[in-house]
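In: sequence and predicted structure are below.
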Amino acid sequence: MRKTCLVATLSLLTATCAFAQSPGAQSSGFDMSGERPAGTTQPPASANSEPRQQPAPPAGSAAPAMPQQAPPITPQMPAQAAPQPQVTQPPAAQPGQKAPPSRVSPAGQPASQGFRRYIVPASSMVLEGEHDRHSWSVYVTPEQAGSPARLNLGYQNAVVVAPEASQISILVNNRLIGQQQVTASENPAQVSFAVPPGLLQQGVNVVTMRADQRHRTDCSIESTYELWSNIDPANTYLAFNGALATRLSSTDAIRAIGVDETGSTTFNMVVPSLDQPGTLKPVLRLTQGLSILSGMPSQKFEFQTDRLTPSASGKLTVLVGTAAELQPLFPDLPPAAASAPIATFVDDRRTGQPVFVVSGPSWQSIAAAVDSVVSPVDRPLSVQRSVISTQRWSAPDAPMLFSNANLSFSQLGMETLEFSGRRVRSGFKIGVPADFYAQGYGEATILLDAAYSQAVLPGSQINVYVNGNIASTVPIVTSGGGILRHLPIRVTMRHFKPGVNTVEMETVLRTQEDDVCAPGASASTTPRFALFDTSEFHMPDFARIGQRPDLASMAGTGYPYSRDEDATPLFMDRVDRDTLSATATLLSRMALAAGRPLLIEPIASANAAGDRDAIFVGSITQMPVPVLSQVNIASTSQSAWRPTAGATTENVNTGEVFDQWRDRVSGGNWNGQISAFQEWMQRNFDISLRSFRLLPGSEEPFAPSNAATFMVAQGVSPAGNGTWTVATAPSASDLADGARVMSSQDFWPQVTGRVTTYSSRTGRVDNVAVEGFSFVPPTDNSIWNYRLIAANWLSTNVLYFAAVFAAVTFMVGIATAALLSNLGRRK
């Protein structure tokens, strides 16, 4: 019986092999890509399954007609209740894919390979902890809104993230378009989601990325800091499959320029007559208008005279010049430019990409065309803005608070949150004006609506951070759960600064289950804590008076140049590409912070600035010595500031080295103990020796180290009635590179004090604090404002407060004695 079965089996195998080798048999190899482990190479397809390649026809002859091939047979996929994302982990092939790099959606249609619109407004984006979210807006043109679109997400996560309990969610206009388990710990992954038709609207669309992550094995609070998912800006984009997706039809489409794969926005300015004196003012006004219209956080401007760079996502070519100047460079120039001012998009036939053309018969008409672009975003000085625009990198916009105000968390963009983990952090943004003066005494209040379960143990706490600095801590001291209704949390305002401020609340929860950490405990979904959007943030009245110098006010709101009624003098040592690029980039960033374009008047001599607010841009060797002395920069820097090429990237921190030597030699001596006591007083009570001085400290002239490659300094004008700001570097190329980096969202908030330096070798930013400043006459002359100004000034000058207190006490004693001497029975 066994021999019979064996013979039958061999016969069947022989017949099958003979049929497979016959010429007429169809050879379609079984696809094992779905079973192949990651990292293996896709085997080549069988030669019999591909049509024979025909030889190329000789030149000039007609190509022979190719026989029509039958379409491949695609197996029918079972219907699914909801579309699932397509995941790609290069270079390995994934289930459902025939061969990389093409991606196939669950419906069997290839992923869109049309116009890519990158959407991450930063060089990097990390979703950290057990719960994190980022929201920002993307401006969509009418053509893009009407085109089929897919959203592609590229990411990689930490090894310790548990994939079965962790996921990333993507929402567009508050509608969930897809969720993906976090499974890219070994190699970066890509996942593609279809955007439902009609979801993208013309104009602003809010994109939200949310991550809920859990640790594989650890339940401690410390382990939550190990959880992260890194979003890849180069592989996160909207892919539009419409032929008109790249079309920009109106000036308003400048808002849709967006970002490139590095999270930055580049405007390639092509100005043939760049060296002509009359071109500078309208060109700089145009760059500021483009900056405000696009609203992107990291913008740079590059200048050319005879070369066009193709436009792309995050990159726009702008042609500025008369019709006669642009015609040889751009043959597609509209004929109307020869007779009237124009500002419009034109498609370049050579690249197929749109370029923005600002032209006219003369430069006077070009100035009129520039005004037509900039005027919609030009806000009069008399109009007070209600928000600071942040939605392009952090939605919603930050509300501007000028005095006493109460805002609910829902108004600030926070939603009710139920949390089942160990540590959660969420926050909001608010703005304060440039003359904010309440760092010494002010306190804001959070009226907290929250609840915690019975599992939460005493020792848990709620921390409040302002701009990354701890501002308040509220411990949870009772067990058995509880509901907090408008619990007041006082938040010191010492870390607030002019412009945008970030307020974050971090809740740290301890439970008995986490101490035991049984298997699967970290993946529990039972809520432990709830934060309700009915909570409120209360900002009290605060003192308002401007100060000079103050780089933080300039970086936060463009002050004082944003408030000047007259044009601000601008001095440039030379009008070359690098210097003009640095000037346009810095001015555009200041205009974006100010919410309006700055009035600029180019001057040829620094003496023409007089005693007005002024800006000076140029290399240190060409900067006038009187200007350097006004901003308290050592004149020897002109010859000594020379960063050495190929020098070591280590920048010695004198303060840190000093602290190390003090620890070595203190050994119990009194100097070491006194220094330790001073640090303890500063850390716990914010009291230092500066608080006990009677006169302002003297400021020594600052000399930048050779490790620095860019510097921004601020001082007062010769008569003390204006503010002078200097942006300089050892060379013009360092100036352009430094301005580009420092104007980005990652570095611009770090501009503060009276001097800020940046090193391209180390990526480090250093600041020099203001020792002595002068007040600007306040706009609010009420007694209430002067009382608040006095309260803040006395809070930062303790000896004066003690002297005033002693004097008042003495006067009260004298008055009391005089009063009592006239009362009572006399002999």
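Out: Here it is on my side, so go on.
In: residue 474: neighbour count?
Out: Neighbour count of residue 474, defined by other C-beta atoms under 10 Å: 19. Where you see a C-beta, it was placed from the backbone N, CA and C, and this is true even at glycine.
In: quick one: residue 180 from residue 522, how far?
Out: 20 Å (C-beta to C-beta, to the nearest Å).
In: helix/strand/coil for residue 238?
Out: strand (DSSP: H, G, I helix; E, B strand; the rest coil).
In: count of residues packed around it?
Out: Other residues close to residue 238 by other C-beta under 10 Å number 26.
In: before we move on, the earlier item: out of residue 180 and residue 522, which sits in the busier spot?
Out: residue 522 (24 against 20).
In: where does that one land in three-state SS?
Out: helix.
In: again, but for residue 219
Out: coil.
In: who touches it in this structure?
Out: Residue 219 is in contact with 422, 513, 514, 515, 517, 521, 522, counting by C-beta atoms under 8 Å, 6 or more residues apart in numbering.
In: could you identify the buried members of the residues you listed?
Out: 422, 514, 522 (16 or more other C-beta atoms under 10 Å).
In: end-to-end on stretch 333-349?
Out: 11 Å (C-alpha to C-alpha, to the nearest Å).
In: ah, wrong one, I meant stretch 238-252
Out: 20 Å.
In: list the buried residues for that stretch?
Out: Here stretch 238-252 shows 238, 239, 240, 241, 242, 245, 246, 247, 248, 251 as buried, counting by 16+ other C-beta under 10 Å.
In: next: stretch 537-547.
Out: 537, 538, 539, 542, 543, 544, 545, 546, 547.
In: pLDDT weak spots in the stretch 551-700 of the chain?
Out: 644-656, 658-698 (pLDDT under 70).
In: 50 - rerun?
Out: 647-649 (pLDDT under 50).
In: now the strands: where do they sit in it?
Out: Here the stretch 551-700 of the chain has its strands, by DSSP state E, counting those that start in this stretch, at 568-572, 600-603, 614-619.
In: in CSV: those strands, plus mean neighbour count and distance to residue 373.
Out: Converted to CSV, the strands of the stretch 551-700 of the chain look like this (neighbours: other C-beta atoms under 10 Å; distance: least, C-beta to C-beta, whole Å):
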stretch, mean neighbour count, distance to residue 373
strand 568-572, 21, 20
strand 600-603, 18, 16
strand 614-619, 23, 22
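In: domains in the protein, by residue range?
Out: 86-95+105-240, 262-377, 394-539, 550-642+692-775, 784-821 (automatic domain parsing).
In: how about those domains in CSV, adding distance to residue 384?
Out: Putting those into CSV (distance: least, C-beta to C-beta, whole Å) gives the following:
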stretch, distance to residue 384
domain 86-95+105-240, 23
domain 262-377, 16
domain 394-539, 7
domain 550-642+692-775, 10
domain 784-821, 16
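In: residues near residue 405, how many?
Out: Count around residue 405 with other C-beta under 10 Å applied: 15.
In: not counting sequence-adjacent ones, nearest residue to it?
Out: Distances taken as C-beta to C-beta, 6 or more residues apart in numbering put residue 539 closest to residue 405, at 4.8 Å, once the chain neighbours are dropped.
In: for that neighbour, give its distance to residue 430.
Out: Residue 539 is 7 Å from residue 430, by C-beta to C-beta.
In: what touches both of these two?
Out: 401, 407.
In: list the residues that contact residue 393.
Out: 121, 122, 136, 296, 297, 745.
In: ok, now residue 509?
Out: Contacts of residue 509 by C-beta under 8 Å, 6+ apart are 221, 419, 421, 422, 423, 452, 456, 460, 528, 529.
In: if you set the cut-off to 10 Å instead, what comes out?
Out: By C-beta atoms under 10 Å, 6 or more residues apart in numbering, residue 509 lies in contact with 221, 419-424, 452-453, 455-457, 459-462, 476, 528-529.
In: filter these down to the ones in helices?
Out: In helices, judged by DSSP state H, none of the contacts of residue 509 are found.
In: ok so, going back, my guess is the residue nearest to residue 405 contacts residue 412. True?
Out: No: in terms of C-beta atoms under 10 Å, residue 539 does not count as a neighbour of residue 412; the distance is 11.4 Å.
In: how close does residue 802 sit to residue 809?
Out: 10 Å.
In: whoops, residue 121 was the one
Out: 57 Å.
In: mark which of the contacts of residue 393 are part of strands, please.
Out: residue 136 (DSSP state E).
In: redo the contacts of residue 393 as a markdown table? Include pLDDT, neighbour count and distance to residue 285.
Out: Output for these, formatted as a markdown table (pLDDT from 0 to 100; neighbours: other C-beta atoms under 10 Å; distance: C-beta to C-beta, whole Å):
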| residue | pLDDT | neighbour count | distance to residue 285 |
| --- | --- | --- | --- |
| 121 | 96 | 27 | 25 |
| 122 | 95 | 21 | 28 |
| 136 | 97 | 22 | 28 |
| 296 | 96 | 22 | 19 |
| 297 | 95 | 23 | 21 |
| 745 | 94 | 20 | 23 |
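In: turn the contacts of residue 393 into CSV, columns for distance to residue 726.
Out: What follows is the contacts of residue 393, written out as CSV (distance: C-beta to C-beta, whole Å):
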residue, distance to residue 726
121, 30
122, 29
136, 33
296, 26
297, 24
745, 23
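In: tell me the one of the contacts of residue 393 nearest residue 227?
Out: residue 122 (19.6 Å; C-beta to C-beta).
In: tell me which element the nearest residue to that closest one once chain neighbours are set aside falls in.
Out: Spatial nearest neighbour of residue 122, chain neighbours left out: residue 263 (4.5 Å); criterion: C-beta to C-beta, 6+ apart. Using DSSP states H and E, residue 263 is not contained in any helix or strand.
In: what does residue 324 give?
Out: helix 323-326.
In: what's the answer for residue 474, then?
Out: Assigned by DSSP H and E, residue 474 falls in strand 469-475.
In: continuing past that strand, what's the next helix or strand?
Out: Assigned by DSSP H and E, the successor of strand 469-475 is strand 482-492.
In: other SSEs contacting that next one?
Out: The contact analysis (3 or more C-beta pairs under 10 Å, 6 or more residues apart in numbering; DSSP states H and E) places strand 482-492 against strand 443-452, strand 461-466, strand 469-475, strand 499-508, strand 529-531, strand 536-539.
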